[in-house]
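**Student:** No sequence on hand, only this structure:
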């Protein structure tokens, strides 16, 4: 836990939050790590998780999300999660 020191101003806090959510730049991460860092992806149907990851991950391929779901590694539906990262 930080004690004292520099505090983030509003802009720095905003940028840190966007970076944590992978929204500043497309990054090169495996889908499993990205979903874990995002603590799951909430969506109302199957398409938004694909678009969400495509917008965040450089080189994202649809099958990288579909494969773990079909093999039972992740739960899917309206909530996609990677339980191994919890």
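**Tutor:** It's in. Nothing here was measured: the structure is a model prediction, and the numbers come from that model. Numbers count the residues shown, from 1 in each chain.
**Student:** drop to CA atoms for contacts and neighbour counts, all remaining ones
**Tutor:** Noted.
**Student:** Next, the contact list for residue 55, please.
**Tutor:** By C-alpha atoms under 8 Å, 6 or more residues apart in numbering, residue 55 lies in contact with residue 26.
**Student:** Would you mind pointing out the helix or strand it falls in?
**Tutor:** Using DSSP states H and E, residue 55 maps to helix 47-56.
**Student:** what's the following helix or strand after that helix?
**Tutor:** Following helix 47-56 toward the C-terminus (DSSP H and E): helix 62-70.
**Student:** What distance do you get for residue 54 to residue 65?
**Tutor:** As judged by C-alpha to C-alpha, to the nearest Å, residue 54 and residue 65 stand 10 Å apart.
**Student:** coming back round to it: what residues sit buried inside the helix holding residue 55?
**Tutor:** 49, 50, 53, 54, 55, 56 (16 or more other C-alpha atoms under 10 Å).
**Student:** what angle sits between that helix and helix 62-70?
**Tutor:** Orientation check (axes from the mean of the first three to the mean of the last three C-alpha atoms, to 10 degrees): helix 47-56 against helix 62-70 gives 130 degrees.
**Student:** mean confidence for helix 47-56?
**Tutor:** Helix 47-56 comes out with an average pLDDT of 80.
**Student:** Output the below-cut-off pLDDT ranges for the protein.
**Tutor:** Counting by pLDDT under 70, the chain contains low-confidence ranges at 1-5, 40-48, 74-86.
**Student:** One more pass at 50, please.
**Tutor:** Per-residue confidence for the chain (pLDDT under 50) gives these ranges: 1, 44, 78, 85-86.
**Student:** Now do the end-to-end distance for stretch 38-49.
**Tutor:** Distance across stretch 38-49, first residue to last, is 11 Å (C-alpha to C-alpha).
**Student:** Likewise for stretch 58-65?
**Tutor:** End-to-end distance of stretch 58-65 (C-alpha to C-alpha): 14 Å.
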